[in-house]
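Trainee: I would like the atomic coordinates for the input below:
(chains A, B and C)
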Amino acid sequence: MNPADVKSALTFNRVSKSFAGRTILNAVDATVNPGEIVVLLGRSGSGKSTIVNLAAGMEQPDSGSVVLAGHPLAQVSERERTLLRRRSVGLVFQAFNLLPELTVFENVHLRHALDGRDGTKEVEAMLAEVGLAGRGGEHPDHLSGGEQQRVAVAAALVHQPALVLADEPTGALDQVTAGVIVDLLVRLTRGRGGALVFVTHNPEYVAIADRVWRLDDGQLSQERS
Amino acid sequence: MPTEFSLRNVLVTFGCFCVVGVILGGCFDSAAQVSAEKTGDKPIQIGQLLSDPLVADPRVAGYARATVAPTFSFPADHGPHSDYRTEWWYWTGNVTTADGRAFGYQFTVFRFAMAPTTVPRASAWATRDTWLAHLAITDVDGQKFYAFERSARGAGGLAGAQGDPFRVHCEGWQVSGTPMRIQADAGGVALDLTMQAGKPVVLQGDQGLSRKGAEPGNASLYYSLTRMPTTGTIRIGERRHDVSGTSWMDREWSTSALEAGVVGWDWFALQLADGREVMFYRLRRADGTATNFSGGTLIASDGSVTRLSAAEVTLTSTATWTSRTGTKYPAAWHLRAADLELDITPRLPDQELDLAVRYWEGAVVVSGSQRGVGYVELAGY
Amino acid sequence: MTILATIAWRSQRQHPWLAALAILGIALGVAVATAIALANAAARHAFAESITGIVGNASHQVVAGSAGVPEGAYAAIRAAALAHGGAAAPVVEAEVALIDRPGRTLRLFGIDPFAEAPFRASTSAVQRDRAFPLARLLTEPGAIVVSQPTAEALGLSDKIRIRHGTTIRELTLIATVPDDGNALNRSATIAVCDVSTAQEILGRLGVLDRIDLILPDGEALSAVTTALPSGAEIVPAARRGDSLRQLTEAFHTNLSALGLIALVVGMFLIANTASFAVVRRRELFSRLRAHGATPGQILALVLGEALVAGIFAAVLGVALGIALAHFLLRLVTRTIGDLYAVIGPATISIDRSIVLQGLALGILATLLAALWPALDAARSAPRLGLLRTVPERAWRRSLPWLALGGGGLLALCGAVLVGLPPTITWGFVGLGCGLIGAALLVPVLLLPVVSGLAWLAGILALGRHPLVTLASRAVGANLSRTGIAVAALSVACAAALGMTLMVGSFRLALDTWLATTLSADVYISAPRLVAARVGAQPLEPTLTARLLAVPGIAAVLPKRDAVVSVTFPDGTSDDVDMAAFEPLPDSRDAFVARPAFASPAAREAAWTAFTGGALFVTEPFATHRAVKAGDHLIVHTPTGDQRLTIAAVLVDYSSDQGAVYLHRERYRAWFSDDGITALALTAAPGVEVEDLCARLRLAAGDAPLSITSSRALKTASMTVFDRTFAITAVIRWLAAGVAVLGLIAALAAVQFERARTTARLRAAGVTPREVIALAVIECLFTGLAAGLLAIPIGVALAAGLTHVINRRSFGWSMELHTDPWQLVLTVALAAGAAIIAGLIPAWRASRRPLAEALHAD
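Mentor: Numbers count the residues shown, from 1 in each chain, chains lettered A, B, ... in the order given. Predicted coordinates for the structure are as follows:
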């Protein structure tokens, strides 16, 4: 194992992945350092979501290895991958982030609850930070899209993950609201010392990046911001 | 899961009362109820049964009453007298083996009528008589006393009696023929004894009418064969003993006998070495005193009979014995009558028949002015 | 875990009626199984008490069939028993009808009180009651004693009029004995009397029905054996009533199996609901997985739901079962009373073990049914976002496995039926394998069948309609949601069809048999206590003479029904029913041999042998006693043992106990018995049968006689038959009801889930009426497919029930008659149920405001 990997939040070593004969990723090498903000740019269908799924251990590469917070995902069991995802990763998606069965509070509290930990204070603090203090009892259905996404940001960050994966988190939002969400994501991730991989097709967001990845035709090219 | 059966109730009732119940149901219903209250679960005692004022029971009506002495005729009168409610055949005896080993025995058959008249019935099992038999053997040297009982309906060849040829039997036990032969076995012991008539029939009381109370009809018809030379075998377990000796037969039948207040009796049948016999019974009240209708007979060696009134006999109990059942019986007596001064001692203290009906009946030896042997019956203790 | 429970609860709450239907379905299954278990237990209990409870402590019994043991032998037998430390007691007993309580009976039990103690008395204390009027019991003609509960239950007064055979007598109740506090006592209706009374009332003068014995050792046994009179034999007491008990056991086993069918259908239902609940929430599980829920946590969530539903369903089911048991018990006891023996009134007692079994069955069945969907849910891939087609694909991937499993179970079914011992239980195991195997194949076959239907619809020129195309596609697409429900419906319909066909075949066979057998015009016998059994109580000779003097009788066929003691080729002995008669030469055609006589000459030879003293036995007799034509039976008669050949096995549906037939001349000679228990009369030419019946009734006067025309007798027989199968009808409708509930739940769920698709269709301009039409067509396809698939399964099941279960249980063989009308009805039932199931949600979907529907998740 490369000692450098231990320090990285996420490392891809020659990761390849194809679907139905179409190569999505071709021997991709990439690293996200702790506390670093990476913006992943690519067109629709370029394989951005595949990178997120691989990073979160929700899919396995055809070849190569993914190392998440020092743990090579291919070498641990499904259960350990799941626990790693629960404790070290935060996820924000364009939509369908939240469980309609649960209240705002319960959604944010979910990872603590699954772990059998009491995270009430953290959840309440987090809700206050995203500007939803006192609204924990409401159901996500009754919130606006922006509010829902704020809940999603809170849920993704409440457990102080090493890595936050945001997949087009602003895709369904108007520009003003989108700005608020991106600010929140950046501020909260930085505040907690986590790394952020921000997936988008919108080049405007390069502004927030420490580093920019471009995904094109299965190849990942990197550039400093 | 217990699934008790309602029938069981009925049959438990039957089972427990197949002996007691027959007696009670047949003759002494009211006595039974009284005694049940008094005694709880204890067996019925003969004295209590017989002491009840039966005259008050309307069901006595319809039975013959012993009011005058009939003309006895034998062997017909050895047979049953179905007109009367109660009847028994009683044999007791003292026998010894050639080498002097002594035994006493008692063999009794009771008949109880359950109804005064016979309703015509189609079934051969129908009967109005129930029969009860007791078998007791006293093994004097072995210090053991054996007692058994059997009961049956007077039908189906299970129990019954007839005069000529003579036979009385109950559940396989029987006395039959001339001379009479007793055959009975139970629980590993057996009797097989043949008894010659010996001396002539003794008609007890007034020519066979033995009055037991002031009321006319409170009497029994009663005769005895007082000295019956006896030979045969007694089996105890695997051992068979050839024995000889003398037996005593009592025959008595009645419809009602005892007066109110009588709780039991003591009965003595003694065979003396000089060829005489003494029979004496004392009817006891609850306080232990005897009624005036106690009495007996003294039979000379030639068979002539002298009646003994209550006043002519002095009977004193000189010892007591308490049985396993907690019943306290007199256990030795001094009897004075005519020229006789007799000391009477049980051959074994424990000769209590702890059966459905509980009483003491046992072999005794006589000493004093005459030596002899005999049997004593103690009822109502 | 609380968060998972919260999620489960809230997600189920969105469709509360779905959960409710599932719970109701499994509850009904549990209810039927529990009710049958309770009713069986109660009936068995009452039966056991009536038949064998009064054996008491006896180790052996001396019996001599209905001829009875000569009473003269008793004293010697008792003496022999007593001499060896044993005991003996006489018994004369019979069931008698209570005239003032129509339909109720009393078992008159005549005993000798002097001999009873060792047998039916415990030493425990009823010594309380010393006033027991034993003298009256012994000396009063007609005196009886009953227990207090019996007296109360039957409302007995002091004077009780009873009927035994054609005789009416009056009994006197002289005492009641108290209840010992055990409520179960109430189920026995026994009157104890003296043996003399029993002999007189029951016309058993000179004989005893049996002598109970307690024999401590073989020495006692041989001593008693030497005292036996001719025709009597000594049998172990425990064996008495065994054969009768075994026969009713077959009946109870059949009922239990029926109950299990309902439960299995219920299991399909819960599996379907659980499976649907998983499919419906696939996204939820994927999101939970993405947020870090482990597969174990998802499994726990789904199984936890099932557990809660199972507990609810089990409790509800047991409660329903107890209520249903009271209803079923009436049917069960009536059937036993019709077919086997008079039993006392049975009462349901809430047996804790049966209740626990019911609860366990419900919960375990639910967990088992939910296990596969739960595992499926646990395998959900972690994902955020929307996915649809993957689960359908997964389901289709599992089709080959289902086909393999179903085929394997079908093969197992064949192996069990052919290879294992031919017991009823194995028969049911085999059929159960077959049924479940078929159920697994239903989803596999569903798609081709639906395609076929769509193709058919195309031929009928409807197929061009886009709605029909859409509907047939939807059925295939929704297979993962509906497959199990359709299988459940198919199985339930098949079970109902199979039983219906079996009962129908049976009915037809019986009907045909009655038509040929009831060749005389009028049948006379004493009224029966047990419809399917003729009492051995002979008619009074003077009464017979009076009847035969009636003008208009062309021919008389007297019959003597008796119970005789028989020793079988294997050396065992038992009492068996015997019918002694002398068939008219032209009525021989009514007797059909099975296997059939090889030639007319063989048939003639069999009849010649019969006239000469050979036996015929009925088919059930041959089955249960494992004998065949050519075997020998030893029949014990008062004039000595007779070793008789079985000349033929005859088809006979009159009794599942079976019987032996003997020529009446031989019976009269061997049993010294001229008694007649039944008369068959032929009317003279020109005499109306009903007129003859009327004249015979007039001649009979007050005598209680059953004088029946052959037509009325046939009707009565069919009535008993229909009553017998009433309980199976009840159960199969319950099973079908469970299945319909399941289908409604499944199809309705699909329709609700498709609300968004429906909304899109409506947005594209499809009218509400067309939305409903689409749902109806889709459900119709599903229902038709289920119904069509039920037909081969049902026919196969009917064949199994007819040729395996019926034959093993009762020994009857018959042709399977496939009534086409029943097949049509089955398909119609399935399609109808499906349409009803689809209609409600479709109607609701069509009425939902479009905007709301479009945006609903």
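Trainee: in this structure residue C:119 contacts residue C:213, no?
Mentor: No. In this structure residue C:119 lies outside contact range of residue C:213 using C-beta atoms under 8 Å: 9.1 Å. Bear in mind the C-beta positions are built from the backbone N, C-alpha and C, glycine included.
Trainee: give me the more crowded residue out of those two.
Mentor: Neighbours were tallied for residue C:119 and for residue C:213 using other C-beta atoms under 10 Å in any protein chain shown; the higher tally belongs to residue C:213 (27 against 23).
Trainee: A strand includes that one, no?
Mentor: Yes. In this structure, residue C:213 lies within a strand as judged by DSSP: H, G, I helix; E, B strand; the rest coil.
Trainee: was I right to think residue C:446 contacts residue C:787?
Mentor: No. In this structure, residue C:446 is not within contact of residue C:787 by C-beta under 8 Å, at 11.8 Å.
Trainee: more neighbours: which of those two?
Mentor: Using other C-beta under 10 Å, the more surrounded residue of residue C:446 and residue C:787 is residue C:787, with 28 against 25.
Trainee: tell me how far the more buried one lies from residue C:500.
Mentor: As defined by C-beta to C-beta, to the nearest Å, residue C:787 lies at a distance of 14 Å from residue C:500.
Trainee: what do you get for residue B:231?
Mentor: 87 Å.
Trainee: also residue C:561?
Mentor: Going from residue C:561 to residue C:500 by C-beta to C-beta gives 34 Å.
Trainee: also residue C:134?
Mentor: Residue C:134 sits 58 Å away from residue C:500 when distances are taken as C-beta to C-beta.
Trainee: got it, and residue B:78?
Mentor: Taking C-beta to C-beta as the measure, residue B:78 falls 80 Å from residue C:500.
Trainee: of the two, who's got more company?
Mentor: Higher neighbour count among residue B:78 and residue C:500: residue B:78, with 25 against 20, using other C-beta under 10 Å.
Trainee: what's the strand or helix carrying residue C:785 packed up against?
Mentor: Residue C:785 is located in helix C:768-800, with elements delineated by DSSP states H and E. When contacts are defined as 3 or more C-beta pairs under 8 Å, 6 or more residues apart in numbering or on different chains; DSSP states H and E, helix C:768-800 packs onto helix C:424-459, helix C:466-477, helix C:479-517, helix C:710-753, helix C:755-763, helix C:820-847.
Trainee: of all those helices, which one is nearest residue C:645?
Mentor: Each of these has some distance to residue C:645 by C-beta to C-beta; the shortest is helix C:479-517, at 23.6 Å.
Trainee: okay, the angle between that closest one and helix C:820-847?
Mentor: Following axes from the mean of the first three to the mean of the last three C-alpha atoms, to 10 degrees, one obtains 150 degrees for the angle between helix C:479-517 and helix C:820-847.
Trainee: helix C:479-517: which residues count as buried?
Mentor: Across helix C:479-517, burial judged by 16 or more other C-beta atoms under 10 Å in any protein chain shown covers C:479-507, C:509-510, C:513-514, C:517.
Trainee: ok, the residue lying closest to residue C:146 once chain neighbours are set aside - how many residues close by?
Mentor: Spatial nearest neighbour of residue C:146, excluding adjacent residues (C-beta to C-beta, 6 or more residues apart in numbering or on different chains): residue C:191 at 4.9 Å. Neighbour count of residue C:191, defined by other C-beta under 10 Å: 30.
Trainee: map the structural domains onto the sequence of chain C.
Mentor: Recorded structural domains for chain C (assignment: automatic domain parsing) are C:1-52+C:249-387, C:55-240, C:445-519+C:718-857, C:527-704.
Trainee: now the residue of the stretch 251-381 of chain B at minimum distance from chain C: how far from chain A?
Mentor: Nearest residue of the stretch 251-381 of chain B to chain C (C-beta to the nearest C-beta) works out as residue B:356 at 10.9 Å. Residue B:356 is 77 Å from chain A, where distance means C-beta to the nearest C-beta, to the nearest Å.
Trainee: which pLDDT value goes with that residue?
Mentor: Residue B:356 carries a pLDDT value of 72.
Trainee: what's the burial count for it?
Mentor: Neighbourhood size, residue B:356 [other C-beta under 10 Å]: 19.
Trainee: my guess is it meets residue B:149, correct?
Mentor: Yes. Here residue B:356 lies in contact with residue B:149, judged by C-beta under 8 Å, at a distance of 6.5 Å.
Trainee: what parts of chain A come near chain C?
Mentor: Proximity of chain A to chain C, by C-beta under 8 Å from any C-beta of the partner chain, involves residues A:53, A:56-58, A:78-79, A:82-83, A:85-87, A:89, A:91, A:93, A:95-97, A:99-102, A:106, A:109-111, A:113-116, A:141, A:155, A:167.
Trainee: show me which residues of the stretch 151-300 of chain C are close to chain A?
Mentor: Counting by C-beta under 8 Å from any C-beta, the positions of the stretch 151-300 of chain C adjacent to chain A are C:283-284, C:287-297.
Trainee: show me these that map onto helices.
Mentor: Taking DSSP state H, the ones among these that sit in helices are C:283, C:284, C:287, C:288, C:289, C:290, C:295, C:296, C:297.
Trainee: put the buried members of the residues you listed into a ChimeraX selection.
Mentor: Of those, the buried ones can be selected in ChimeraX as follows, counting by 16+ other C-beta under 10 Å:
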select /C:283,284,287,288,289,290,295,297
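Trainee: of all the ones in helices among the residues of the stretch 151-300 of chain C next to chain A, which two lie farthest apart?
Mentor: So for these, where distance means C-beta to C-beta, the most widely separated pair is C:283 and C:296, at 19.8 Å.
Trainee: helix, strand, or coil at residue A:123?
Mentor: Following three-state DSSP, we place residue A:123 in the helix state.
Trainee: from the chain's centroid, how far away is the longest strand anywhere in chain B?
Mentor: When chain B is scanned for its longest strand (criterion: DSSP state E), the result is strand B:219-236. Here strand B:219-236 shows a centroid-to-chain-centroid distance of 11 Å under the convention C-alpha atoms, centre = their mean, to the nearest Å.
Trainee: that one pairs with which strands, parallel or anti?
Mentor: Taking DSSP bridges as the criterion, strand B:219-236 pairs within the sheet with strand B:189-195 (antiparallel), strand B:202-203 (antiparallel), strand B:209-211 (antiparallel), strand B:239-254 (antiparallel).
Trainee: show me where the stretch 601-750 of chain C has strands.
Mentor: With DSSP state E, counting those that start in this stretch as the definition, the stretch 601-750 of chain C shows strands at residue ranges C:615-618, C:632-637, C:640-650, C:659-663, C:678-683, C:706-709.
Trainee: scratch that, chain A is what I was asking about
Mentor: Secondary structure of chain A (DSSP E): strands located at A:10-19, A:22-32, A:37-41, A:63-68, A:71-72, A:89-93, A:163-167, A:195-200, A:211-216, A:219-224.
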